[in-house]
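Asker: have a look; sequence and predicted model below, questions after that.
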Amino acid sequence: MQEMKEAQQQKARAATSNVLTKFNQKVIQEMKEAFTMIDVNRDGFIDLNDLKEMFSSLGRTPDDKDLKAMLAEAPGPLNFTMFLSLFSEKLSGTDPEDTIRQAFKMFDNEGKGKLPEEYIKDLLENMGDNFTKDEMRQTFKEAPLEGGKLDYEKFVAIIKGSEQDDAA
C-alpha cells in the first residue's frame, strides 16, 4: 500500500515539473484566480466538496460520479500546480498556433492579419460545427476587435496563451 502511494506521488511530481514555465505571468495569475474561486474551503486543494459548491453556485448539481471522474484526471491531489498541469495538457491537445493562424489566413485575401467580424461570425454560426449564441458570446468576449475587424494574429495568441504581458 505504501509503495503504491509513493508511486502515485512520484507520478504527480513528474506531471507537474516545469509546468510554471509553460505559461506567461498573466495566464498564471488568471489560472490562480480561477483555482481560488473553485477552492471554496480555501485549503489549497480542489476536492469533491469544492466542486459541488462551485457547481451549486452556478445552479447545477452534477452526479458525484461525474465530479469524481473530473478529479480522477489528476494523478495526485489537485493543488494549484496540478491544476496548471492539467490545463497545460488540455491546451497542448489543441492545434499548434501556426496551424490555427494558417486556417485564418485562408480567409484573408488581403493578407492583412484582420478579418471582418461579421464574416467570422457568419462562418462560425453556419459552417461545420455551428456555434451557439452562448459560444459566440464567449468567443468574442475577449476577441481583439478594431473597426469591425478581428485581428486574428492577436486572437490566436490569446487562444494559445502565448500573448505577451502588456508590461513586457
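Answerer: Arrived safely, thanks for sending. Numbering: from 1, shown residues only.

Asker: count the residues that sit near K121.
Answerer: K121 has 15 neighbours, counted by other CB atoms under 10 Å. Bear in mind the C-beta positions are built from the backbone N, C-alpha and C, glycine included.

Asker: ugh, wrong one, I meant L115
Answerer: 20.

Asker: the host helix or strand of it packs against which elements?
Answerer: Under the criterion of DSSP states H and E, L115 resides in strand 114-116. Judged by 3 or more CB pairs under 8 Å, 6 or more residues apart in numbering; DSSP states H and E, strand 114-116 is in contact with strand 149-151.

Asker: chain center to the strand holding L115, what's the gap?
Answerer: Distance of strand 114-116 from its chain centroid, counting by CA atoms, centre = their mean, to the nearest Å, is 24 Å.

Asker: ok, then the element right after it?
Answerer: helix 117-126.

Asker: helix, strand, or coil at S56?
Answerer: helix (DSSP: H, G, I helix; E, B strand; the rest coil).

Asker: quick check: D47 touching M70?
Answerer: No: counting by CB atoms under 8 Å, D47 does not reach M70; the two are 10.9 Å apart.

Asker: still on that earlier bit, quick one: contacts of the strand holding L115?
Answerer: Strand 114-116 is contacted from outside by F104, F107, D108, E146, G148, K149, L150, D151, Y152, using CB atoms under 8 Å, 6 or more residues apart in numbering.

Asker: which residue sits closest to the fifth one, ignoring its sequence neighbours?
Answerer: Distances taken as CB to CB, 6 or more residues apart in numbering put E117 closest to G148, at 5.3 Å, once the chain neighbours are dropped.

Asker: hang on, the earlier thing: would you reformat the contacts of strand 114-116 as a markdown table and include pLDDT and distance to T132?
Answerer: A markdown table is the format used below for the contacts of strand 114-116 (pLDDT from 0 to 100; distance: CB to CB, whole Å):
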| residue | pLDDT | distance to T132 |
| --- | --- | --- |
| F104 | 88 | 21 |
| F107 | 87 | 21 |
| D108 | 89 | 26 |
| E146 | 93 | 26 |
| G148 | 93 | 23 |
| K149 | 95 | 24 |
| L150 | 94 | 19 |
| D151 | 95 | 24 |
| Y152 | 92 | 21 |
